[in-house]
Each structure stands twice: as structure tokens, then as C-alpha cells.
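*Asks:* Using only what follows, build the 3D model:
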Amino acid sequence: MDPVTSVEGRAIPFGAKNVDTDIIIPAAWLKTITREGLGEGAFETIRAQKGNVFDDPEYAGAPILIAGDNFGCGSSREHAAWALLDMGVKVVIAPSFSDIFAGNAFKNGILTVALPQEQINRLMDVAESDPVTVDLETQTVTTPFQDRFTFEVDPFRKRCLSEGLDEVGLTLERDAAITDYEQRAAADMPWLANSTTPSEGKAA
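*Replies:* The predicted structure is shown next:
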């Protein structure tokens, strides 16, 4: 997955609370066998409303989404994270997140930033006209108006996001150790490498 270090740009001032994964990506879109194109169905019911923020050209391609409390609640569908990525969202800022959604977001390279509601309110105001910057290295969210909000992030998740490491990448980091183990196991227990059963080895 792509590394997430510093993300700067317009932020979608959504702000709604208790947005569940069915709102993020409706069930009708879960039949797809690819992650691509899910952004088209993201927030479909909200986009059906005239004047919604997601279809405002001012926020087209915005890499940051500002949401309300308990974002990503509901079912555990990973498609919610995929849909956000397909929209171009790399960071979601909210007062709190569903644990399952936060986990899915992390595994797919989306940074979730939890900030107090008063700071969310300030960012919502700024997002109406100006960009926001989220820096993972310094763990800060800043604005052109000298606002500087700090956030907490698990050190392991910070490293994975910064280096673009998913579960496959983490495994490949141990490639030398895995290869060494396999070579030693083959030497110490050669019978494990023989897939032929005794009955298969006998002549008919």
C-alpha cells in the first residue's frame, strides 16, 4: 500500500455523527469482485440529496474527510475503507471511530485521526475555504491560520502507515529469517519435504 506521511489539501466538511458502514458504502455495492469503482457508490444515499458536500466540485479529489463522532459504526465490511480510498481519501478526522472500521482503515492505508469535538468544529470552519495539513511524523493537524492540533497514534500503526507496510509487507520483512528456517527444517527433517505417502510410493 502507499505510504502515508504528510497529507495536505482540501478537507470534506461532512461532520455527521454515527455514520455507519452502510452509509459509507451501501450493501448493493458489495457484490463487486474488485475494489475499483467503489468510490462511485460511496455515500450514495447522501449524494442523492441536492446540494450535498460530496458532489460539491470544490471538494473534488479531497484527500481528507472530517466526520462526526462514532464514524464507521455498524457492520465490519472492509468495503467501507476501499470506497474511501477509491474516492481519494487518505485521512479521516473525527472525535471517535468504530474499532473495526479503524482497523480496516489502517490495514488499507487510511490514517484515522481522533480529535476533540471543539477542534473538529474549528477544522470544519477552516475546510469551508482553506486546506488542512495532517502530518503523521509530528502527529499534528495544522491550518493556514496557525491552528495546531496534536493526535495520538499507535507506534506500530504509525510505522506501517509511514512505510506503506501491509500484512504482506510485514511478512516479507522477515524473508531472510523465514528462508533460514525453511533451509534448516529441510536439513533437519527431510521427510517433511517428501509429499509422497507410503501407499503412493508402492507399485500397483
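*Asks:* so where's the protein uncertain?
*Replies:* With pLDDT under 70 as the threshold, the chain has low-confidence stretches at 167-183, 185, 193-204.
*Asks:* where do the helices sit along it?
*Replies:* In order along the chain, the chain carries the following helices (DSSP state H): 21-24, 44-47, 79-87, 99-107, 117-127, 155-163, 167-172, 175-188, 198-201.
*Asks:* Of all the ones you listed, which one is nearest residue 8?
*Replies:* Go through those one by one with Cβ to Cβ and the one that ends up closest to residue 8 is helix 117-127, at 12.6 Å. Quick note: C-beta positions are derived from backbone N, CA and C, even for glycine.
*Asks:* Out of the helices of the chain, which one sits most buried?
*Replies:* Ranked by mean neighbour count under mean count of other Cβ atoms under 10 Å, the helices of the chain are led by helix 79-87, which reaches a mean of 24.
*Asks:* Output the helices of the chain as TSV; include the columns distance to residue 142.
*Replies:* Written out in TSV, the entries for these read as follows (distance: least, Cβ to Cβ, whole Å):
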stretch	distance to residue 142
helix 21-24	27
helix 44-47	28
helix 79-87	22
helix 99-107	21
helix 117-127	10
helix 155-163	18
helix 167-172	29
helix 175-188	38
helix 198-201	66
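*Asks:* and of those, who's closest to residue 12?
*Replies:* Go through the helices of the chain one by one with Cβ to Cβ and the one that ends up closest to residue 12 is helix 117-127, at 7.2 Å.
*Asks:* The closest one packs against which elements?
*Replies:* With contacts defined as 3 or more Cβ pairs under 8 Å, 6 or more residues apart in numbering; DSSP states H and E, helix 117-127 has these neighbours: strand 11-13, strand 64-66, strand 91-94.
*Asks:* Residue 156: which of those strands is closest?
*Replies:* Nearest to residue 156 among these is strand 91-94; the distance by Cβ to Cβ comes to 18.3 Å.
*Asks:* Tell me which of the helices and strands packed on helix 117-127 sits most buried.
*Replies:* For the helices and strands packed on helix 117-127, ranked by mean neighbour count under the definition mean count of other Cβ under 10 Å, the leader is strand 64-66 at a mean of 27.
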